[in-house]
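[1] Sequence and computational prediction follow.
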Amino acid sequence: MSDLLVRRAARVFGWPEGDPLAIVVEGGRIADVLPDSKLTAKARAEVPELDAAGRAVTPGFVDAHTHLVFSGSRHDEFAARLEGRPYEAGGIMSTVRATRTASLEELTEGVVRRAEQCTDGGTTTIEVKSGYGLSTEAERRSLEAVRLAGERAAATLVPTFLGAHLNPEPGYIDLVIEEMLPACAPFAEGCDAFCDVGALTVDESRRVLEAGIRHGLVPRIHAEELAHTGGAALAAEVGCASADHLVHVTERDAKLLKAAGVVAVLLPATSFCLRSEYAPARMLIDAGVTIAISTDCNPGTSYTTSMPFVIAVACSELGLTVDEAVRAATEGGAAALRRDDIGQLRVGARADLTVVDGEHWVDLAYHPGMPVIGNVVKDGRVVR
Ligand SMILES: [Zn+2]
């Protein structure tokens, strides 16, 4: 929880443009944003400085949907898909086999490594789902790995229990509710369910999410990715913090999401990697639904930790403006995680910020695939 002066920013996301700006950080929080020329010599003498040197500053990215706890690789599946084999939810089982044999230390190392890669791309908060264990012991170990990794990673990690990633055998949903949830809830903040063709039905998802709520977990859901099965309406019904993917969401669903205050977490990198359809982002925005964009980082369908890449794809394929995409990657992600102290550079918020390596954050989308992140600050401490 540091003090810091970020100096000579060309522009700061959410603040009026004009003279170069300074951001005053006290105790890890933003205390002021003001013209750099108005900083007093006294203020400058006492506090460490980060010279933004005419570059742009955005809030640190909030990646509200990742699956960073896993072992093994699915490069074979990726290559095979390019040769014409379609993606089905069952591909998850190959990662499950590798994850079940990994030790707590191995899983922890993997999460730390990927979380650091996220932060290299400007991310300061990461939601991390379990879901490649699918047994009480392996799900619990996965969430323990997230907790241990959170003590070492620069970013804040937000753990979600996703024992309901598949429904691999009869009686499995009962096991999730009666055994896994009690064992895993102490390690998790949220409870997710993969409601889709080949995974859980709406009724199975409802049972899991309602059980999660009874354990004090925030419900969230994978919905309408591979087909329209009713997950978005369920999200509104049970009061999910977010409904994620939404490729096949309808206007009727959008009205329900808006009315229930459910955040739509869109995952355009997944559509990009699968060469499949994109979510109707503009329809959701026009319906008044709050939008977040996230990486969905996972070994099967979207192996990227890069929020700048997601912003670029959101602009080119979802049709967002750059400001809409940056807001979805920051404030939107924070809303999906029900956080009000991150995702915006307002006075009083946590000093989690990203110095873009360019004079405008438009470069995030304008230079896809290039190194566009200069520095990253977490709780007022320079971590990149
Ligand atoms: Zn996912």
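    It's in.

[2] how much space between the spatially closest residue to S94 that is not a sequence neighbour and S302?
    Counting by C-beta to C-beta, 6 or more residues apart in numbering, R74 is the residue found nearest to S94 once chain neighbours are left out, at 6.1 Å. C-beta: built from backbone N, CA, C; applies to glycine. Between R74 and S302 the distance, using C-beta to C-beta, to the nearest Å, works out to 11 Å.

[3] Those two: which has the busier surroundings?
    Neighbour tally, R74 and S302, criterion other C-beta atoms under 10 Å: the higher count belongs to S302, 23 against 20.

[4] what pairs with that one across the strands?
    Applying DSSP bridges to S302 yields these beta-bridge partners: N298.

[5] I'd assumed P268 was in contact with it.
    No. With contact taken as C-beta atoms under 8 Å, S302 and P268 are classed as non-touching, separated by 9.2 Å.

[6] The residue lying closest to P371 once chain neighbours are set aside and A56: what is the separation?
    Beyond its immediate neighbours in the sequence, the residue positioned closest to P371 (C-beta to C-beta, 6+ apart) is D357, lying 6.7 Å away. Note on D357: its distance to A56, by C-beta to C-beta, is 9 Å.

[7] What separation is there between W15 and V57?
    Where V57 is concerned, W15 sits at a distance of 9 Å (C-beta to C-beta).

[8] Give the residues shared as contacts by those two.
    Contact criterion C-beta atoms under 8 Å, 6 or more residues apart in numbering; residues shared by W15 and V57: 21, 345.

[9] So between those two, which is more surrounded?
    V57 (26 against 15).

[10] those helices in the stretch 101-250 of the chain, which residues are they?
    With DSSP state H, counting those that start in this stretch as the criterion, the stretch 101-250 of the chain has helices at 104-120, 136-150, 172-175, 181-184, 202-214, 231-238.

[11] Over to the stretch 251-384 of the chain?
    Listed from the start of the chain, the stretch 251-384 of the chain has helices (DSSP H, counting those that start in this stretch) covering 251-260, 268-274, 281-286, 307-317, 322-327, 333-336, 363-366.

[12] quick one, which of the ones you listed is packed in tightest?
    Most buried of these, by mean neighbour count (mean count of other C-beta atoms under 10 Å): helix 333-336, with a mean of 28.

[13] Please name every helix or strand in contact with that helix.
    Packed against helix 333-336, as judged by 3 or more C-beta pairs under 8 Å, 6 or more residues apart in numbering; DSSP states H and E, are the following elements: strand 61-63, strand 123-129, strand 263-266, strand 291-293.

[14] what's in contact with the last one?
    Residues outside strand 291-293 that contact it (C-beta under 8 Å, 6+ apart) are 62, 64-65, 242, 263-268, 281, 284-285, 307, 310-311, 314, 318, 320, 324-325, 328-329, 332-333, 335-336.

[15] for the record, mean pLDDT for that strand?
    For strand 291-293, the mean pLDDT works out to 99.

[16] mind checking how far that strand is from the chain centre?
    The gap between the average C-alpha position of strand 291-293 and the chain average comes to 9 Å, counting by C-alpha atoms, centre = their mean, to the nearest Å.

[17] so what strands line up beside it?
    If you go by DSSP bridges, strand 291-293 pairs up with strand 263-266 (parallel).

[18] List the buried residues for the partner strand?
    Judged by neighbour count using 16 or more other C-beta atoms under 10 Å, the buried positions of strand 263-266 are 263-266.

[19] now, which of the residues you listed sits nearest E179?
    Distances from E179 to these, taken as C-beta to C-beta, are shortest for V265 (28.3 Å).

[20] show me the contacts for the nearest residue to the closest one once chain neighbours are set aside.
    Excluding the flanking residues, the one nearest V265 by C-beta to C-beta, 6+ apart is D244, at 4.0 Å. If a contact means C-beta under 8 Å, 6+ apart, then D244 has 65, 220-223, 264-267, 294, 296 as its contacts.

[21] re the thing from before, okay, the helices of the stretch 101-250 of the chain in a markdown table with distance to R8 next?
    Formatted as a markdown table, those follow (distance: least, C-beta to C-beta, whole Å):
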| stretch | distance to R8 |
| --- | --- |
| helix 104-120 | 23 |
| helix 136-150 | 33 |
| helix 172-175 | 56 |
| helix 181-184 | 47 |
| helix 202-214 | 47 |
| helix 231-238 | 44 |
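
[22] Reformat the ones you listed as JSON lines; add mean pLDDT and mean neighbour count.
    Formatted as JSON lines, the helices of the stretch 101-250 of the chain follow (pLDDT from 0 to 100; neighbours: other C-beta atoms under 10 Å):
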{"stretch": "helix 104-120", "mean pLDDT": "98", "mean neighbour count": "19"}
{"stretch": "helix 136-150", "mean pLDDT": "98", "mean neighbour count": "22"}
{"stretch": "helix 172-175", "mean pLDDT": "98", "mean neighbour count": "16"}
{"stretch": "helix 181-184", "mean pLDDT": "98", "mean neighbour count": "20"}
{"stretch": "helix 202-214", "mean pLDDT": "98", "mean neighbour count": "20"}
{"stretch": "helix 231-238", "mean pLDDT": "98", "mean neighbour count": "24"}
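
[23] Which one, of these, ends up nearest to L353?
    In terms of C-beta to C-beta, the element of those nearest to L353 is helix 104-120, at 12.2 Å.

[24] what packs against that closest one?
    Helix 104-120 packs on strand 123-129, helix 136-150, strand 373-378, going by 3+ C-beta pairs under 8 Å, 6+ apart.

[25] Repeat the analysis, applying 10 Å as the threshold.
    Contact partners of helix 104-120 among helices and strands, from 3 or more C-beta pairs under 10 Å, 6 or more residues apart in numbering; DSSP states H and E: strand 61-63, helix 92-100, strand 123-129, helix 136-150, strand 156-164, strand 373-378.

[26] I'd like the next helix or strand past the helix or strand where R7 lies.
    For R7, the host element (DSSP states H and E) is strand 4-9. For strand 4-9, the succeeding helix or strand toward the C-terminus, using DSSP H and E, is strand 11-12.
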